[in-house]
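Colleague: Predicted structure and sequence below. I'll ask about it afterward.
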Amino acid sequence: MIDYMHCYVNDRPSNDWNTCGQAAIATVSDYWGKTPYALTRKEYDATNGRWYWDDGEAIDAVKAGGFAPDVIFGWGTTGGRIRDALKSYGLNASVGYSGIFSWAWQDLWSAVQRYVASNRPVAVMIDIGQLGGPAFGIHWGIAYKITDGRVHLGNFSPRWNSQPTVSQFLDAWHCWFLPYGFNHCGVYV
């Protein structure tokens, strides 16, 4: 099981208020060793002793590569956009979300568990209001570890609960107030 995962974050408030999807794209593609953009690795992560791209440069490169946020009014990124970006980098990616009235969410939860147990991190759409963030705030996190009844999420602000219980995670992952296509949404590689 993945013990630690370096995640890119959208931490430039004036530029990155809606680019957590692009940070997720950079995180997952880098995890799988894909380097689709000519970026210099200049950020050292002492936790694992490896070099990474600058967060902002990675996000900008993803956007410039044709994978900017695609939700109307620039309000974020769909799972389909993340899938398409990862596929264009040569990864076998798919997107899943629950149906009407959250139909089949249990199958998606089983898939998240299987992927994470196989060291395959999953980008998941989360209602951060359920985990200490602003009410009805949506964010793409990276589920990379499930242990001791907790889901470990990367690409999360320190102010939010990055290790919710499974029950808390499931409530946040539901995104009940969003339209069809966004509930229990995950991108699997």
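Modeller: On my side now, so go ahead.

Colleague: average model confidence for stretch 37-49?
Modeller: Regarding stretch 37-49, the rounded mean pLDDT is 95.

Colleague: ok now it, how far from the chain's centre?
Modeller: 19 Å (CA atoms, centre = their mean, to the nearest Å).

Colleague: and if you look at stretch 23-33?
Modeller: Worked out by CA atoms, centre = their mean, stretch 23-33 lies 9 Å from the chain centre.

Colleague: in that stretch, what's buried?
Modeller: Neighbour counts using 16 or more other CB atoms under 10 Å place Ala23, Ala24, Ile25, Ala26, Thr27, Val28, Ser29, Asp30, Tyr31, Trp32 of stretch 23-33 among the buried residues. C-betas here are computed from N, CA, C, even on glycine.

Colleague: Would you mind measuring from the first one to Asp60?
Modeller: Right, Ala23. 11 Å (CB to CB, to the nearest Å).

Colleague: go on, the second one?
Modeller: Using CB to CB, one gets 15 Å for the distance from Ala24 to Asp60.

Colleague: likewise Tyr37?
Modeller: Distance, Tyr37 to Asp60, using CB to CB: 9 Å.

Colleague: can you give me the strands in the chain?
Modeller: Using DSSP state E, the strands of the chain run over 43-45, 50-52, 94-96, 122-127, 138-147, 150-154, 186-188.

Colleague: for those, which one ends up most surrounded?
Modeller: When those are scored by mean count of other CB atoms under 10 Å, the highest mean neighbour count falls to strand 122-127 (a mean of 26).

Colleague: how big is the angle separating it from strand 150-154?
Modeller: 100 degrees (axes from the mean of the first three to the mean of the last three CA atoms, to 10 degrees).
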